[in-house]
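> Build the 3D model from these lines:
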Amino acid sequence: MDRNGRIQVIVVKDELANYKQFSASKRLILSLITIFGVFLIFLCIFSIYAASRLMELSKTEWKLKDKISQLELRLSQTEKENAKLKEAVAKLKTEKRKTVEELAKRLETINSLMKKVGLKIDSSSGEGGIAVPLSQLLSYDDVDLDLNSLIPQVDKMIKKFKSVPIGYPTYGRITSPFGLRVNPITGRPEFHLGVDIANRWRTPVRSPADGKVVKAGYCGALGKCIEIDHGNGIQTYYGHLSKILVRRGDVVKRGEIIGLMGNSGRSTGPHLHYAVKFRGKIVNPKIFLEAPENAGKEKGRRNSRS
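Got it, this is the predicted structure:
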């Protein structure tokens with residue numbers, strides 16, 4: 001520093017005492033130091049700001065990454081749920097198909113049973129309305145039906161139909177109808193509690209419906225006889241047999257041979273005494289015997305009208 005308060009800077013260039021001399025006022029030096037200090041302060045502030053922004057950006061990035069991860073997780077869960085739903089829908093469709101197929105089999109069973117006894121469903125009595133053909137039911141995904149509940153109903157229908165004694169239990173001609181008649185042995189008027197179907201000795205006698213044998217033995221005037229309980233309050237009786245082919249407690253099916261026509265008991269010739277009891281009362285077997293024939297006649301009348 002010289003006498004004037006100026007700061008002198010001497011820069012020696014080499015060993016020969018060559019040098020350069022610079023001088024600056026104290027005020028200038030202080031100004032430069034102040035400017036440099038302000039610059040450092042600004043640089044620090046900017047660095048702190050930049051660092052805080054970077055931290056915020058980093059936090060935002062992590063938040064975005066976290067949200068992306070959550071969205072990916074939700075997407076994965078949704079895809080799994082969709083896969084489960086598709087699997088459930090496919091399972092429901094399979095169950096629906098199986099149910100419809102089971103219904104079709106049962107309805108075919110009913111149709112087959114009705115054909116065996118000569119009955120046909122009357123299709124002319126319908127009043128129209130909304131309906132879905134069974135053959136097209138599989139293609140109706142929007143039809144909300146509890147098909148499973150129909151199967152027990154159809155099974156119950158089949159069971160009841162199998163237990164209704166429809167048709168003749170044997171081949172032959174009716175020699176004595178139900179109702180008032182003259183007794184062929186005593187010659188006195190009496191009420192005949194069944195029908196007599198005559199044919200040759202040992203003509204097969206069949207059960208006209210499913211049922212359980214509750215009696216198989218000798219029945220006084222009826223000779224060798226059988227009683228079958230078909231359920232639903234229906235019992236059938238078979239008298240004057242020459243041979244009994246079932247025993248008490250046996251379960252018989254429609255069309256099964258249960259005995260052979262004969263002349264046992266009070267009888268004037270080989271025939272079958274056939275009787276039907278419904279809900280504890282003897283009824284005319286004619287409505288059961290002629291049901292297939294009447295169904296055919298009714299169909300013929302409808303066809304002739306059309």
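
> use CA for all of it now, contacts and neighbours both
Noted.

> mind listing what Pro177 touches?
Contacts for Pro177 (C-alpha atoms under 8 Å, 6 or more residues apart in numbering) come out as His192, Gly194, Val195, Asp196.

> give me the element the last one is part of.
Assigned by DSSP states H and E, Asp196 belongs to strand 195-198.

> name the helices or strands packed onto that strand?
Packed against strand 195-198 by the contact rule (3 or more C-alpha pairs under 8 Å, 6 or more residues apart in numbering; DSSP states H and E) you find strand 173-176, strand 271-278.

> Could you figure out how far the top strand by length along the chain is turned away from strand 271-278?
Using DSSP state E, we find that the single longest strand of the chain is strand 234-244. Orientation note: strand 234-244 sits at an angle of 160 degrees relative to strand 271-278 (axes from the mean of the first three to the mean of the last three C-alpha atoms, to 10 degrees).

> Report all helices and strands that strand 234-244 contacts.
Of the remaining helices and strands, those touching strand 234-244 by 3+ C-alpha pairs under 8 Å, 6+ apart are strand 224-231, strand 257-261, strand 271-278.

> Show the pLDDT at Ala295.
According to the model's per-residue confidence, Ala295 sits at a pLDDT of 46.

> Parallel or antiparallel, list what pairs with the strand holding Asp196.
The sheet places strand 195-198 alongside strand 173-176 (antiparallel), strand 271-278 (antiparallel), with pairing taken from DSSP bridges.

> Downstream of that strand, the next helix or strand is which one?
strand 204-206.

> So which elements touch that next one?
strand 257-261.

> at 10 Å what do you get?
Using 3 or more C-alpha pairs under 10 Å, 6 or more residues apart in numbering; DSSP states H and E as the contact definition, the elements that strand 204-206 packs against are strand 234-244, strand 257-261.

> Lys26 is nearest to which of the helices and strands packed on strand 234-244?
Each of the helices and strands packed on strand 234-244 was checked against Lys26 via C-alpha to C-alpha, and the shortest separation belongs to strand 224-231, namely 130.4 Å.

> and the angle for the closest one with strand 257-261?
Put simply, strand 224-231 runs at 150 degrees to strand 257-261, going by the same axes, to 10 degrees.

> so what's Leu92 up against?
Lys86, Lys98 (C-alpha atoms under 10 Å, 6 or more residues apart in numbering).

> and it, what pLDDT?
For Leu92, the pLDDT comes out at 77.

> And it, how far from Lys105?
Distance from Leu92 to Lys105, counting by C-alpha to C-alpha, to the nearest Å: 20 Å.

> How about Ala88?
Using C-alpha to C-alpha, one gets 25 Å for the distance from Ala88 to Lys105.

> Mind pulling up the pLDDT for the closest residue to Ser267 other than its chain neighbours?
With C-alpha to C-alpha, 6 or more residues apart in numbering as the measure, His240 is the residue that lies nearest to Ser267, at 7.2 Å, once sequence neighbours are left out. His240 is assigned a predicted lDDT (pLDDT) of 95.

> Burial check on His240, number of neighbours?
When neighbours are counted by other C-alpha atoms under 10 Å, His240 registers 29.

> For it, give me its contacts.
196, 218-226, 260-267, 269-274.

> Isn't Tyr274 up against Val195?
Yes. Contact between Tyr274 and Val195 holds when scored by C-alpha atoms under 10 Å: they sit 5.4 Å apart.

> Now list whatever residues contact both of the two.
Phe178, Pro285.

> coming back round to it: for Leu71, find the nearest of the strands paired with strand 195-198.
strand 271-278 (72.5 Å).

> After that closest one, which helix or strand is next?
Criterion used, DSSP H and E; the element after strand 271-278 is strand 281-283.

> Domain ranges for this protein, per the record?
Structural domains assigned to the chain are 6-56, 173-302, following automatic domain parsing.

> Mind putting the ones you listed into CSV with distance to Gly167?
Conversion of the domains of the chain to CSV gives the following (distance: least, C-alpha to C-alpha, whole Å):
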stretch, distance to Gly167
domain 6-56, 94
domain 173-302, 4
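
> before we move on, back to that, can you lay out the helices and strands packed on strand 195-198 as a markdown table showing mean pLDDT and distance to Lys253?
Output for those, formatted as a markdown table (pLDDT from 0 to 100; distance: least, C-alpha to C-alpha, whole Å):
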| stretch | mean pLDDT | distance to Lys253 |
| --- | --- | --- |
| strand 173-176 | 92 | 24 |
| strand 271-278 | 94 | 17 |
